[in-house]
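Q: using only what follows, build the 3D model:
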Amino acid sequence: MSLPFTERYSSIKNRLGATYSSAKQFEADSYHILDIEIDENGVETCQTGLCELNNSQIALLKYHEIPDFLKGNPYVVHGYRSMLPFSLCMKSLLFWSNETLNIWSHLGGFFIFLLLLLWDNLITLPRLGGSFSDHLIMTIGLVCFMFCMLCSTGFHIFCCHSERASRRWLAVDMTGVSIGIIGCYLPAVHYAFYCLSIWRDVYMFVITILSACTLGFQLHPRFFTHAWFYPRMAVYVGLVAYGIIPTVHWIVLNGGMSSVLVKLFIPKVTMMYLLGGLAFSFYITQFPERMFPGRFDFVGSSHQLWHLLIVVAFCYWHKAGQEILVYRIAHECHA
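A: Residues are numbered from 1 along each chain as shown. A predicted model of the protein is given here:
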């Protein structure tokens, strides 16, 4: 039976001084990757004392037993991992916890987009007669989605390692969100303004600047604290909402809502925003677990629904991008 977290955490703090000298002694035998301490000999130790040294099993804790840095959703009552060394973080890939579906939904998403990347480049685009730029744009878009999936997976695996690792991997996760949004914008802007290269380049430049600013905000020391949750969300919502501007401009340039092209693709843009809005509404409201605390600890929580809808939205947007590519191949630009 595991000790209550407060007692366990106190024991960790009490041995920090002692483990500092041992960390120096064995420094050559370990290394760090994004604040995850890895022992070359057995990947078992945690010489910094920031995570549990002697765990051989993964203990699942309740919300009141976990440290503050792991808290965020009090309606998910049980199933938390805490202070695990690298080996047990990796072992938890095959261990049922309240993070299991969060991990595997986006790890599975990574493989979905990898298969789509191979299928598009080897089968779909050659069959359509796609150019080198078509291969490049589709590939970059899917690589952005894959990067987003891996960053999210890494966070949900390693957030329980230590407070320092949790914050570092949250930054990685949010960077992945930014890159995923870029993956949505890139093919959309490229093909929507395919025949209007000046506007295509303008919007590409603006999106690049906005994305760089979003990544720059992450350098602020308080950006990933609980106190900045809503400002942090506002930054990413703003980055997504910006897409309304080039969409409206695209409608005007193509003759308004009566245009055949607009009628064909504006429903897809609308559906994408609806999917994104639905996903975000689950994320921000913590529904359904808010209504039934403890009932959705392992399956059906808001964050799991958010993950699933993001994968669905990315797949839907990729399919829409293929359809506008087919349209562009069939309808050449007028001089």
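Q: okay, and the helix or strand of this protein with the least pLDDT?
A: Lowest by mean pLDDT, DSSP states H and E among the helices and strands of the chain is helix 16-25, with a mean of 41.
Q: relative to residue 294, how far out is residue 68?
A: Distance of residue 68 to residue 294, given as CB to CB, to the nearest Å: 20 Å. All C-beta atoms are positioned from the backbone trio N, CA, C, and that covers glycine.
Q: so those two - more neighbours on which side?
A: residue 294 (13 against 8; other CB atoms under 10 Å).
Q: separation between the closest residue to the more buried one other than its chain neighbours and residue 287?
A: Spatial nearest neighbour of residue 294, excluding adjacent residues (CB to CB, 6 or more residues apart in numbering): residue 77 at 3.9 Å. Using CB to CB, residue 77 is found at 16 Å from residue 287.
Q: any idea how far the residue positioned nearest the centre of the chain lies from residue 74?
A: The chain has residue 152 as the residue nearest its centroid, 3.8 Å off, counting by CA atoms, centre = their mean. Counting by CB to CB, the gap from residue 152 to residue 74 is 22 Å.
Q: in this protein, which spans are strands?
A: 30-33, 36-39, 61-62, 78-80 (DSSP state E).
Q: sorry, back to before: wait, the residue nearest to residue 294 touches residue 297, no?
A: Yes: if you go by CB atoms under 8 Å, residue 77 and residue 297 touch, sitting 5.8 Å apart.
Q: neighbour count: those two, which is higher?
A: Neighbour count, other CB under 10 Å: between residue 77 and residue 297, residue 297 has more, with 21 against 17.
Q: for the spatially closest residue to residue 107 that is not a sequence neighbour, give me the pLDDT.
A: Distances taken as CB to CB, 6+ apart place residue 153 nearest to residue 107, at 4.6 Å, with adjacent residues excluded. pLDDT, residue 153: 98.
Q: same question for the one 4 residues further on.
A: According to the prediction, residue 157 has pLDDT 97.
Q: neighbours of it, how many?
A: Quick note: residue 157 (other CB under 10 Å) scores 22 neighbours.
Q: same thing with residue 100?
A: Neighbours of residue 100 using other CB under 10 Å come to 18.
Q: and for the residue nearest to residue 107, the neighbour number?
A: With neighbours defined by other CB under 10 Å, the count for residue 153 comes to 23.
Q: hmm, it is touching residue 100, no?
A: No: assessed by CB under 8 Å, residue 153 is found out of contact with residue 100, at 11.6 Å.
Q: rank the strands of the chain by pLDDT, which is bottom?
A: strand 30-33 (a mean of 61).
Q: how far away is residue 163 from residue 185?
A: 34 Å.
Q: and the two? Which one has more around it.
A: residue 185 (23 against 16).
Q: show me the contacts for that one.
A: The neighbourhood of residue 185, defined by CB atoms under 8 Å, 6 or more residues apart in numbering, consists of 207, 243.
Q: tell me the pLDDT at it?
A: With respect to pLDDT, residue 185 scores 95.
Q: can you show me the helices along the stretch 1-150 of the chain?
A: Along the stretch 1-150 of the chain, counting by DSSP state H, counting those that start in this stretch, helices occupy 5-14, 16-25, 86-91, 100-119, 125-128, 132-158.
Q: point out where the stretch 51-200 of the chain drops to low pLDDT.
A: Within the stretch 51-200 of the chain, the stretches with pLDDT under 70 are 51-56.
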